[in-house]
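Enquirer: Here's my sequence, what's the structure:
(one chain, ligands or ions: 1)
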Amino acid sequence: MTRTKTVKQNGAAVVDQILCGDACETLRTLPSNSIDCTVTSPPYYRQRDYTGIDQIGVERKPEEYIDRLVEVFSECLRVTKESGSLWVVIGDKYIDGEQLGMPWRAALALKDAGWRLRSDVIWHKPNAMPSSVKTRPTVDHEYIFFFTKSKDYYYYDADAIREPHVTFSEKSKMKGGRGHFGKRGGTPETGKNSGDSNLHDGRWDQAFHPKGRNKRTVWSISLSKFREAHFAVFPESLVETCVLASCPEGGTVLDPFAGSGTVAVVAERLQKHYLGIDCVEEYCDMARRRIAAASETATR
Ligand SMILES: C[S@@+](CC[C@H](N)C(=O)[O-])C[C@H]1O[C@@H](n2cnc3c(N)ncnc32)[C@H](O)[C@@H]1O
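Expert: Sure thing, here's the model as predicted:
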(Lines give C-alpha, C1' and ligand atoms only; values in the text may rest on other atoms or scores of the structure.)
Protein backbone atom coordinates (compact mmCIF):
# COMPACT_ATOMS: atom_id res chain seq x y z
CA MET A 1 0.00 0.00 0.00
CA THR A 2 1.39 3.43 -0.87
CA ARG A 3 0.46 6.64 0.82
CA THR A 4 0.41 10.07 -0.74
CA LYS A 5 2.35 12.64 1.28
CA THR A 6 0.44 15.84 1.98
CA VAL A 7 2.36 18.99 2.79
CA LYS A 8 0.13 22.04 2.50
CA GLN A 9 0.04 25.26 4.42
CA ASN A 10 -1.92 28.52 4.78
CA GLY A 11 -5.11 27.24 6.37
CA ALA A 12 -5.19 23.88 4.58
CA ALA A 13 -3.92 20.62 6.02
CA VAL A 14 -0.37 20.72 7.38
CA VAL A 15 0.86 17.18 7.78
CA ASP A 16 3.99 15.03 7.67
CA GLN A 17 6.04 17.77 9.29
CA ILE A 18 7.79 18.58 12.55
CA LEU A 19 6.97 22.18 13.45
CA CYS A 20 9.26 24.03 15.81
CA GLY A 21 7.48 26.30 18.30
CA ASP A 22 5.42 26.50 21.45
CA ALA A 23 2.71 23.80 21.42
CA CYS A 24 -0.18 26.14 22.19
CA GLU A 25 0.88 28.90 19.78
CA THR A 26 1.51 26.43 16.96
CA LEU A 27 -1.76 24.56 17.49
CA ARG A 28 -3.61 27.87 17.16
CA THR A 29 -2.39 28.07 13.53
CA LEU A 30 -3.89 24.67 12.62
CA PRO A 31 -7.36 24.13 11.17
CA SER A 32 -10.19 22.81 13.37
CA ASN A 33 -11.38 19.21 13.04
CA SER A 34 -8.31 17.98 11.15
CA ILE A 35 -6.59 15.50 13.51
CA ASP A 36 -7.70 11.89 14.07
CA CYS A 37 -5.71 11.13 17.16
CA THR A 38 -3.11 12.68 19.43
CA VAL A 39 -0.55 10.55 21.25
CA THR A 40 1.70 12.55 23.52
CA SER A 41 3.62 12.89 26.72
CA PRO A 42 3.90 16.43 28.08
CA PRO A 43 6.99 17.40 30.07
CA TYR A 44 6.36 16.16 33.61
CA TYR A 45 6.09 18.64 36.45
CA ARG A 46 9.54 19.73 37.74
CA GLN A 47 11.25 16.74 36.17
CA ARG A 48 13.65 18.23 33.66
CA ASP A 49 14.85 21.47 32.08
CA TYR A 50 14.40 21.18 28.31
CA THR A 51 15.87 24.69 27.85
CA GLY A 52 13.07 25.75 25.46
CA ILE A 53 11.89 29.38 25.80
CA ASP A 54 8.24 28.54 26.48
CA GLN A 55 8.84 25.13 27.99
CA ILE A 56 6.19 23.57 30.19
CA GLY A 57 7.04 21.76 33.43
CA VAL A 58 9.06 24.42 35.25
CA GLU A 59 6.11 26.30 36.81
CA ARG A 60 6.35 27.25 40.49
CA LYS A 61 3.05 25.64 41.50
CA PRO A 62 1.32 22.45 40.34
CA GLU A 63 -1.81 24.50 39.57
CA GLU A 64 0.13 26.69 37.12
CA TYR A 65 1.46 23.57 35.37
CA ILE A 66 -2.06 22.13 35.07
CA ASP A 67 -3.34 25.44 33.66
CA ARG A 68 -0.74 25.33 30.91
CA LEU A 69 -1.60 21.72 30.06
CA VAL A 70 -5.27 22.69 29.85
CA GLU A 71 -4.40 25.51 27.44
CA VAL A 72 -2.53 23.12 25.12
CA PHE A 73 -5.06 20.29 25.30
CA SER A 74 -7.99 22.67 24.74
CA GLU A 75 -6.36 23.62 21.43
CA CYS A 76 -5.89 19.88 20.75
CA LEU A 77 -9.62 19.44 21.31
CA ARG A 78 -10.39 22.11 18.72
CA VAL A 79 -8.12 20.59 16.04
CA THR A 80 -9.41 17.06 16.71
CA LYS A 81 -12.16 15.59 14.50
CA GLU A 82 -15.49 14.71 16.12
CA SER A 83 -14.53 11.02 15.88
CA GLY A 84 -11.06 11.66 17.26
CA SER A 85 -9.22 10.90 20.47
CA LEU A 86 -6.30 11.72 22.72
CA TRP A 87 -3.81 9.50 24.58
CA VAL A 88 -1.79 11.29 27.28
CA VAL A 89 1.14 9.59 29.01
CA ILE A 90 2.02 11.27 32.30
CA GLY A 91 4.05 10.46 35.40
CA ASP A 92 3.89 11.76 38.96
CA LYS A 93 6.21 13.82 41.12
CA TYR A 94 7.34 13.61 44.75
CA ILE A 95 8.36 16.77 46.63
CA ASP A 96 9.75 16.34 50.15
CA GLY A 97 8.61 12.73 50.14
CA GLU A 98 5.01 13.63 49.31
CA GLN A 99 3.28 12.48 46.14
CA LEU A 100 1.60 15.33 44.22
CA GLY A 101 -0.91 13.22 42.26
CA MET A 102 -0.18 15.05 39.00
CA PRO A 103 -1.60 12.45 36.57
CA TRP A 104 -5.09 12.55 38.05
CA ARG A 105 -4.99 16.31 38.57
CA ALA A 106 -4.29 16.60 34.85
CA ALA A 107 -6.90 14.02 33.85
CA LEU A 108 -9.67 15.71 35.84
CA ALA A 109 -8.69 19.14 34.52
CA LEU A 110 -8.87 17.84 30.93
CA LYS A 111 -12.30 16.37 31.65
CA ASP A 112 -13.43 19.77 32.91
CA ALA A 113 -12.02 21.31 29.72
CA GLY A 114 -14.34 19.14 27.59
CA TRP A 115 -12.43 15.92 26.88
CA ARG A 116 -14.34 12.69 27.64
CA LEU A 117 -12.27 10.33 29.75
CA ARG A 118 -12.69 6.75 28.48
CA SER A 119 -9.98 4.85 30.30
CA ASP A 120 -6.97 5.15 32.54
CA VAL A 121 -4.22 2.68 31.71
CA ILE A 122 -1.29 1.73 33.90
CA TRP A 123 1.95 1.62 31.94
CA HIS A 124 4.02 -0.86 33.92
CA LYS A 125 7.76 -0.50 33.21
CA PRO A 126 9.52 -3.82 33.90
CA ASN A 127 12.94 -2.15 33.52
CA ALA A 128 12.15 1.04 35.46
CA MET A 129 15.07 2.89 37.08
CA PRO A 130 15.99 1.40 40.48
CA SER A 131 15.53 3.78 43.39
CA SER A 132 16.99 4.10 46.88
CA VAL A 133 13.69 4.90 48.62
CA LYS A 134 13.00 2.78 51.69
CA THR A 135 9.93 4.53 53.07
CA ARG A 136 7.52 3.65 50.24
CA PRO A 137 7.35 1.30 47.24
CA THR A 138 9.57 2.03 44.25
CA VAL A 139 7.56 3.54 41.41
CA ASP A 140 7.55 1.44 38.25
CA HIS A 141 4.49 2.79 36.45
CA GLU A 142 3.05 5.85 34.75
CA TYR A 143 -0.49 6.66 33.67
CA ILE A 144 -1.89 6.69 30.16
CA PHE A 145 -5.24 8.46 29.83
CA PHE A 146 -7.49 7.80 26.86
CA PHE A 147 -9.94 10.60 26.00
CA THR A 148 -12.34 11.21 23.15
CA LYS A 149 -13.79 14.41 21.73
CA SER A 150 -17.36 13.34 21.28
CA LYS A 151 -19.81 11.94 23.80
CA ASP A 152 -21.22 9.32 21.47
CA TYR A 153 -19.44 7.91 18.41
CA TYR A 154 -15.65 7.77 18.25
CA TYR A 155 -13.24 5.71 16.18
CA TYR A 156 -11.81 2.79 18.19
CA ASP A 157 -10.52 -0.39 16.57
CA ALA A 158 -10.59 -2.90 19.43
CA ASP A 159 -9.64 -5.76 17.09
CA ALA A 160 -6.40 -4.06 16.03
CA ILE A 161 -5.01 -4.18 19.58
CA ARG A 162 -6.34 -7.45 21.00
CA GLU A 163 -3.99 -9.41 23.25
CA PRO A 164 -3.41 -13.16 23.58
CA HIS A 165 -5.87 -15.21 25.61
CA VAL A 166 -4.36 -16.19 28.93
CA THR A 167 -7.13 -17.17 31.32
CA PHE A 168 -8.68 -20.15 29.62
CA SER A 169 -6.12 -22.14 27.70
CA GLU A 170 -6.57 -25.85 27.04
CA LYS A 171 -4.36 -26.47 30.08
CA SER A 172 -6.11 -23.95 32.32
CA LYS A 173 -7.14 -25.22 35.74
CA MET A 174 -8.45 -21.87 36.88
CA LYS A 175 -11.31 -22.28 39.33
CA GLY A 176 -14.66 -21.55 37.81
CA GLY A 177 -13.01 -21.21 34.42
CA ARG A 178 -14.10 -24.01 32.13
CA GLY A 179 -17.13 -24.62 34.35
CA HIS A 180 -18.69 -21.57 32.77
CA PHE A 181 -18.60 -23.36 29.46
CA GLY A 182 -19.74 -26.81 30.59
CA LYS A 183 -17.50 -29.79 29.88
CA ARG A 184 -14.28 -29.72 27.91
CA GLY A 185 -15.04 -28.31 24.47
CA GLY A 186 -18.19 -26.60 25.77
CA THR A 187 -19.26 -23.11 24.72
CA PRO A 188 -20.78 -20.21 26.65
CA GLU A 189 -24.18 -21.23 25.29
CA THR A 190 -24.04 -24.67 26.89
CA GLY A 191 -22.28 -23.75 30.14
CA LYS A 192 -23.74 -23.23 33.57
CA ASN A 193 -24.48 -19.58 32.79
CA SER A 194 -26.42 -20.24 29.63
CA GLY A 195 -29.02 -17.54 29.20
CA ASP A 196 -26.94 -14.61 30.47
CA SER A 197 -25.90 -12.89 27.26
CA ASN A 198 -23.81 -10.24 28.96
CA LEU A 199 -21.70 -12.88 30.66
CA HIS A 200 -21.56 -14.86 27.44
CA ASP A 201 -20.28 -12.01 25.35
CA GLY A 202 -17.64 -11.13 27.93
CA ARG A 203 -16.48 -14.69 28.46
CA TRP A 204 -16.54 -15.51 24.76
CA ASP A 205 -14.39 -12.44 24.10
CA GLN A 206 -12.04 -13.41 26.91
CA ALA A 207 -11.61 -17.02 25.93
CA PHE A 208 -12.57 -17.62 22.31
CA HIS A 209 -12.35 -14.49 20.16
CA PRO A 210 -10.13 -15.59 17.26
CA LYS A 211 -8.03 -12.39 17.43
CA GLY A 212 -7.44 -12.62 21.20
CA ARG A 213 -9.11 -10.99 24.18
CA ASN A 214 -9.97 -7.31 24.45
CA LYS A 215 -7.02 -5.10 25.42
CA ARG A 216 -6.57 -4.77 29.19
CA THR A 217 -5.76 -1.66 31.24
CA VAL A 218 -2.30 -2.69 32.48
CA TRP A 219 0.34 -2.54 29.74
CA SER A 220 3.74 -3.94 30.59
CA ILE A 221 6.23 -2.31 28.22
CA SER A 222 9.97 -1.82 28.67
CA LEU A 223 11.52 1.64 28.36
CA SER A 224 12.86 2.69 24.98
CA LYS A 225 16.48 1.97 24.11
CA PHE A 226 16.85 5.13 21.97
CA ARG A 227 19.84 6.86 23.57
CA GLU A 228 20.39 9.99 21.46
CA ALA A 229 17.87 12.03 23.47
CA HIS A 230 18.61 13.17 27.04
CA PHE A 231 15.02 12.65 28.09
CA ALA A 232 12.60 9.73 28.33
CA VAL A 233 11.54 8.57 24.88
CA PHE A 234 8.35 6.66 24.15
CA PRO A 235 8.66 2.91 23.55
CA GLU A 236 7.49 2.40 19.98
CA SER A 237 5.13 -0.45 20.93
CA LEU A 238 3.23 1.83 23.34
CA VAL A 239 2.66 4.40 20.60
CA GLU A 240 1.77 1.65 18.14
CA THR A 241 -1.07 0.41 20.36
CA CYS A 242 -2.61 3.89 20.61
CA VAL A 243 -2.25 4.62 16.88
CA LEU A 244 -3.67 1.26 15.79
CA ALA A 245 -6.67 1.72 18.08
CA SER A 246 -7.42 5.34 17.26
CA CYS A 247 -6.17 6.32 13.80
CA PRO A 248 -8.14 5.12 10.77
CA GLU A 249 -6.53 4.46 7.40
CA GLY A 250 -5.21 7.67 5.86
CA GLY A 251 -5.64 9.51 9.17
CA THR A 252 -3.34 11.95 10.95
CA VAL A 253 -1.61 11.50 14.31
CA LEU A 254 -0.49 14.55 16.31
CA ASP A 255 2.16 14.92 19.01
CA PRO A 256 2.35 18.49 20.38
CA PHE A 257 5.38 17.53 22.55
CA ALA A 258 7.21 15.55 19.90
CA GLY A 259 10.71 15.34 21.45
CA SER A 260 12.72 12.82 19.44
CA GLY A 261 9.72 12.16 17.16
CA THR A 262 8.74 8.63 18.21
CA VAL A 263 5.05 9.22 17.43
CA ALA A 264 5.92 10.44 13.93
CA VAL A 265 8.27 7.49 13.34
CA VAL A 266 5.57 5.00 14.32
CA ALA A 267 2.88 6.82 12.31
CA GLU A 268 5.16 6.79 9.26
CA ARG A 269 5.78 3.04 9.70
CA LEU A 270 2.03 2.38 10.02
CA GLN A 271 1.38 4.52 6.93
CA LYS A 272 -0.51 7.27 8.74
CA HIS A 273 0.09 10.99 8.41
CA TYR A 274 1.79 12.73 11.33
CA LEU A 275 2.29 16.17 12.74
CA GLY A 276 4.84 16.89 15.47
CA ILE A 277 5.49 20.07 17.46
CA ASP A 278 8.37 20.84 19.82
CA CYS A 279 9.74 24.11 21.16
CA VAL A 280 13.41 23.04 21.04
CA GLU A 281 15.02 23.34 17.61
CA GLU A 282 17.63 20.68 18.42
CA TYR A 283 14.89 18.11 19.19
CA CYS A 284 12.98 19.04 16.03
CA ASP A 285 16.13 18.32 14.01
CA MET A 286 16.64 15.04 15.87
CA ALA A 287 13.04 14.03 15.14
CA ARG A 288 13.40 14.91 11.43
CA ARG A 289 16.58 12.80 11.19
CA ARG A 290 14.87 9.85 12.90
CA ILE A 291 11.84 10.04 10.61
CA ALA A 292 14.04 10.23 7.51
CA ALA A 293 16.07 7.21 8.67
CA ALA A 294 12.91 5.24 9.47
CA SER A 295 11.29 5.94 6.09
CA GLU A 296 14.55 5.09 4.30
CA THR A 297 14.62 1.71 6.10
CA ALA A 298 10.95 1.14 5.17
CA THR A 299 11.52 1.79 1.46
CA ARG A 300 14.67 -0.37 1.23
C1 LIG B 1 8.72 14.04 27.56
S2 LIG B 1 9.42 14.86 26.18
C3 LIG B 1 8.61 14.01 24.85
C4 LIG B 1 9.37 12.81 24.39
C5 LIG B 1 8.70 12.12 23.22
N6 LIG B 1 7.49 11.43 23.64
C7 LIG B 1 9.65 11.13 22.56
O8 LIG B 1 9.29 9.97 22.34
O9 LIG B 1 10.77 11.52 22.24
C10 LIG B 1 8.62 16.40 26.24
C11 LIG B 1 8.97 17.37 25.12
O12 LIG B 1 8.15 18.54 25.26
C13 LIG B 1 8.89 19.64 24.77
N14 LIG B 1 8.26 20.87 25.27
C15 LIG B 1 8.33 21.45 26.50
N16 LIG B 1 7.58 22.55 26.56
C17 LIG B 1 7.01 22.72 25.34
C18 LIG B 1 6.14 23.70 24.77
N19 LIG B 1 5.68 24.73 25.48
N20 LIG B 1 5.78 23.54 23.48
C21 LIG B 1 6.24 22.51 22.73
N22 LIG B 1 7.08 21.56 23.21
C23 LIG B 1 7.46 21.65 24.51
C24 LIG B 1 10.31 19.40 25.26
O25 LIG B 1 11.25 20.10 24.48
C26 LIG B 1 10.42 17.87 25.11
O27 LIG B 1 11.01 17.53 23.89
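
Enquirer: any idea how far Asp92 is from the closest residue to Glu75 other than its chain neighbours?
Expert: Excluding the flanking residues, the one nearest Glu75 by CB to CB, 6 or more residues apart in numbering is Leu27, at 3.7 Å. The way it works is simple: take the backbone N, C-alpha and C, and place the C-beta from them, glycine included. For Leu27, the distance to Asp92 (CB to CB, to the nearest Å) stands at 26 Å.

Enquirer: between the two, which one's more packed in?
Expert: Leu27 (25 against 18; other CB atoms under 10 Å).

Enquirer: Compute the distance between that one and the ligand, please.
Expert: 9 Å (CB to the nearest ligand atom, to the nearest Å).

Enquirer: for the residue nearest to Glu75, what are its contacts?
Expert: Going by CB atoms under 8 Å, 6 or more residues apart in numbering, Leu27 touches 72, 75-76, 78-79, 256, 277.

Enquirer: Which ones among those residues map onto helices?
Expert: Among the contacts of Leu27, the ones falling in helices (DSSP state H) are 72, 75-76, 78-79.

Enquirer: From what I see, Phe234 and Val89 are in contact.
Expert: Yes: at 7.2 Å, Phe234 counts as touching Val89 under the criterion of CB atoms under 8 Å.

Enquirer: Roughly how far does the residue nearest to Glu75 sit from Thr148?
Expert: For Leu27, the distance to Thr148 - CB to CB - is 18 Å.

Enquirer: coming back round to it: what is in contact with Phe234 and Val89 at once?
Expert: 39, 41.

Enquirer: of the ones in helices among the contacts of Leu27, closest to the ligand?
Expert: Val72 (7.3 Å; CB to the nearest ligand atom).

Enquirer: Which single residue in the stretch 201-300 of the chain comes nearest to the ligand?
Expert: For the stretch 201-300 of the chain, CB to the nearest ligand atom, closest residue to the ligand: Gly259, 2.7 Å.

Enquirer: Can you give me the neighbour number for that residue?
Expert: 24.

Enquirer: and it, what does it touch?
Expert: 41, 229, 231, 233-234, 278, 283, 287.

Enquirer: Go back to the residues you listed and keep what's next to the ligand.
Expert: Taking CB under 6 Å from any ligand atom as the test, the ligand is in contact with 41, 229, 231, 233-234, 278, 283 out of the contacts of Gly259.

Enquirer: Write out the residues of the stretch 151-300 of the chain neighbouring the ligand.
Expert: Close to the ligand, as judged by CB under 6 Å from any ligand atom, the stretch 151-300 of the chain has residues 229, 231-234, 257, 259-260, 262, 277-280, 283.

Enquirer: in the stretch 51-200 of the chain, which spans are helices?
Expert: For the stretch 51-200 of the chain, the helices defined by DSSP state H, counting those that start in this stretch occupy 62-79, 102-112, 197-207.

Enquirer: As CSV, these with mean pLDDT and mean neighbour count would be great.
Expert: CSV is the format used below for those (pLDDT from 0 to 100; neighbours: other CB atoms under 10 Å):
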stretch, mean pLDDT, mean neighbour count
helix 62-79, 98, 19
helix 102-112, 98, 17
helix 197-207, 69, 15
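
Enquirer: can you give me the strands for the stretch 1-150 of the chain?
Expert: Assigned by DSSP state E, counting those that start in this stretch, the stretch 1-150 of the chain shows strands spanning 17-20, 35-40, 80-90, 94-95, 98-99, 116-124, 141-148.

Enquirer: ok, and the closest non-adjacent residue to the residue nearest the centre of the chain?
Expert: The residue lying closest to the centre of the chain (CA atoms, centre = their mean) is Trp87, at 3.8 Å. Among residues not flanking Trp87 along the chain, Cys242 sits closest, at 4.2 Å (CB to CB, 6+ apart).

Enquirer: and Ala267, how many neighbours?
Expert: Neighbour tally, Ala267, other CB under 10 Å: 30.

Enquirer: Show me the domain layout of this structure.
Expert: 17-162+217-299, 165-214 (automatic domain parsing).

Enquirer: Ends of the first one, what's the gap?
Expert: Looking back up the chat, that one is domain 17-162+217-299. 19 Å (CA to CA, to the nearest Å).

Enquirer: chain center to it, what's the gap?
Expert: Per CA atoms, centre = their mean, to the nearest Å, the displacement of domain 17-162+217-299 from the mean C-alpha position of its chain is 6 Å.

Enquirer: give me the low-pLDDT residue ranges for the stretch 51-200 of the chain?
Expert: Scanning the stretch 51-200 of the chain for pLDDT under 70 picks out 52, 167-200.

Enquirer: my guess is His273 meets Glu249, correct?
Expert: No: with contact defined as CB under 8 Å, His273 does not reach Glu249; the gap is 10.7 Å.
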